[in-house]
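Peer 1: next one to model:
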Amino acid sequence: MTGDVVRARSGTPAGQLARWLVEYDISGLPVVDADDKVIGIVSATDLARAGGGTAGGPAAGAALTAGAVMSAPARTVRADDSVVRAARLMGASGIERLPVVDEEARLIGMLTRRDVLRIFARSDADIHDEVADDIVVRALWLSPDSVEVSVCDGVVTLGGSLESSGQVAIAVRMTRQVYGVTAVVNRLTYRREAPYPQQPAQPV
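Peer 2: Numbers count the residues shown, from 1 in each chain. Now for the predicted structure:
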């Protein structure tokens with residue numbers, strides 16, 4: 001996400017909103033209340049529909065405010081939500097930008113479709129190398145051939161046999177956190193049950 005977000009208040013004039021869209025080359029911006037909680041979104045489409053014009057546009061838009069033209073309620077995502085969830089919300093809603101909020105619903109950033117695509121545009125080969133090298137070998141301290149890693153369109157399939165169910169759980173969890181991974185297919189087996197995921201012992 002982008003942390004430095006241009007934001008408006010409900011009383012911000014439409015003319016100022018239009019100037020910000022042009023100045024910062026953005027398609028929309030969040031509207032927040034006095035506690036910085038997101039209450040709506042103003043897009044270029046919202047301004048045009050309400051007659052707010054663009055920067056330097058008709059004076060008729062001068063009396064309009066963000067509160068009058070914004071789309072509400074705003075669709076948002078939490079900072080700890082997955083990028084996959086954000087991408088699905090964008091696709092289902094047909095929107096380009098999502099405000100990112102904290103646990104108190106306060107604005108902390110903005111996620112754009114471009115941000116999401118930049119992550120998912122990562123090649124399958126790069127994802128494979130990170131899972132095979134950084135997770136299997138360096139994090140779990142396993143031999144490179146102990147886990148079979150294959151990647152297709154961001155979907156990672158893990159195969160092979162590990163010592164414990166705890167190792168399997170860790171491998172799957174860490175793989176899900178790799179940038180560019182859209183899903184994990186777990187085909188790992190294990191030789192013994194572990195009641196809780198165990199961190200691998202440090203190598204001597």
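Peer 1: contacting residues for residue 108?
Peer 2: 1, 3, 79, 100, 101, 102 (C-beta atoms under 8 Å, 6 or more residues apart in numbering). C-beta: built from backbone N, CA, C; applies to glycine.
Peer 1: now residue 65
Peer 2: So residue 65 contacts 10, 11, 12, 13, 14 (C-beta under 8 Å, 6+ apart).
Peer 1: and the gap between the spatially closest residue to residue 41 that is not a sequence neighbour and residue 96?
Peer 2: Leaving aside its chain neighbours, residue 41 sits nearest to residue 74 (4.7 Å; criterion: C-beta to C-beta, 6 or more residues apart in numbering). Separation of residue 74 from residue 96 (C-beta to C-beta, to the nearest Å): 13 Å.
Peer 1: okay, the two: which has more neighbours?
Peer 2: Counted by other C-beta atoms under 10 Å, residue 74 and residue 96 do not tie: residue 74 has more neighbours, with 22 against 15.
Peer 1: per-residue confidence at that one?
Peer 2: On pLDDT, residue 74 comes in at 87.
Peer 1: now residue 125. Nearest residue, chain neighbours left out?
Peer 2: That would be residue 151: by C-beta to C-beta, 6+ apart, it lies 7.7 Å from residue 125.
Peer 1: next secondary structure after the host helix or strand of the one you found?
Peer 2: According to DSSP states H and E, residue 151 maps onto strand 147-152. Next helix or strand after strand 147-152 toward the C-terminus (DSSP H and E): strand 155-164.
Peer 1: which other helices and strands contact the helix or strand just after that following strand?
Peer 2: The helix or strand immediately downstream of strand 155-164 is helix 165-176, counting by DSSP H and E. Packing partners of helix 165-176 (3 or more C-beta pairs under 8 Å, 6 or more residues apart in numbering; DSSP states H and E): strand 155-164, strand 183-192.
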